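> Coordinates only, no sequence provided:
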């Protein structure tokens, strides 16, 4: 981690977010991390972050993409290598989200089998047809949707128990 990068979050924001619920609590830290790296996660900005901060951003990307457009969208939007070819599944297992970790491993197999087709350029109509072409992605999507609340709760608890690894609360 770049020793010059100090990510801070105001205590009042943490308390207010915690009162709103786990999604808001997780988002306070995601937002603070993204603000600290200029709003863009790339190879340069990742070097400034620790493993927990990167894992949190990966989870938020995964959750947002899958909840919006499923695994097909996640892969098509270029996040496949970041999610499936890095130790994200292992990190989630270590954070206590074991069923989710297994789902990410299943997603990796789907990604590796289909990324060449899914990652091509498509018109909107052709892209929408991908959802019909890959019904197995629906199973992955449904499995995540069923566990999303529990996984986000696990992520929130991990942040709460390791808060200093995510940001300095001021």
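Looks like it came in fine. Not measured: the values here are computed from a predicted model.

> what about the nearest residue to residue 22 once chain neighbours are set aside, neighbour count?
Excluding its sequence neighbours, the residue lying closest to residue 22 (Cβ to Cβ, 6 or more residues apart in numbering) is residue 156, at 4.0 Å. Any C-beta I mention is one placed from the backbone N, CA and C, and that applies to glycine too. Residue 156: 20 surrounding residues under other Cβ atoms under 10 Å.

> go on, residue 27?
When neighbours are counted by other Cβ under 10 Å, residue 27 registers 16.

> Equivalent analysis for the one 4 residues further on, please.
Close neighbours of residue 31, defined as other Cβ under 10 Å, add up to 16.

> go on, residue 151?
If you count neighbours by other Cβ under 10 Å, residue 151 ends up with 21.

> tell me the SS of it?
Under the three-state scheme (DSSP: H, G, I helix; E, B strand; the rest coil), residue 151 adopts helix.

> dump the residue contacts of it.
Residue 151 sits next to 59, 63, 92, 97, 100, 144 when contact means Cβ atoms under 8 Å, 6 or more residues apart in numbering.
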